[in-house]
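Enquirer: next come a sequence and a model predicted from it.
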Amino acid sequence: NKYLQYERGEGDLVVLRVIVSGEKNNTELVYQYDLIDFYDEENDITAMARCTAYPCSIIAQMIGRGEVRDKGVIHPVKLGLSNEIFKKIVKELEKRGIFIKETITRPVIRSW
């Protein structure tokens, strides 16, 4: 549909929030990750392309360097469970101008 196509130079944005709650060391915690990315006017790259292609490229490079040792099809969630791999991905995204803000809080416990 021609109405659903971007015109040249027309920008988009990606807004993502992930909230994970659970218990760590007998303490209830809430982890929140926020990402906002915008269309790259200089290089004519949509935010959606940046937020999907860059992580794939980063992982492919990590596999090529032997930093990801799993073989075969690897579910993305499994990669994120490795703190070492997660931190490397975040660092590489930052080099490309994509920033993820992490907030850790303790939930309010109400007694009523």
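Expert: Here it is on my side, so go on.
Enquirer: packing partners of the longest helix seen in the chain?
Expert: When the chain is scanned for its longest helix (criterion: DSSP state H), the result is helix 47-64. Taking 3 or more CB pairs under 8 Å, 6 or more residues apart in numbering; DSSP states H and E as contact, the helices and strands that helix 47-64 lies on are strand 13-24, strand 27-38, helix 83-95. In this view, the C-beta of every residue, glycine as well, is placed from N, C-alpha and C.
Enquirer: tell me the buried residues in the lowest-mean-pLDDT helix or strand in the chain?
Expert: Ranking every helix and strand in the chain by mean pLDDT, DSSP states H and E puts helix 76-81 at the bottom, with a mean of 87. Buried residues in helix 76-81, counted by 16 or more other CB atoms under 10 Å: residue 79.
Enquirer: same question, stretch 46-54
Expert: By neighbour count, and taking 16+ other CB under 10 Å as the criterion, the buried residues in stretch 46-54 are 46, 47, 50, 51, 54.
Enquirer: thinking again about what came up before, for the longest helix of the chain, what is the average pLDDT?
Expert: Confidence over helix 47-64 (mean pLDDT, whole number) is 96.
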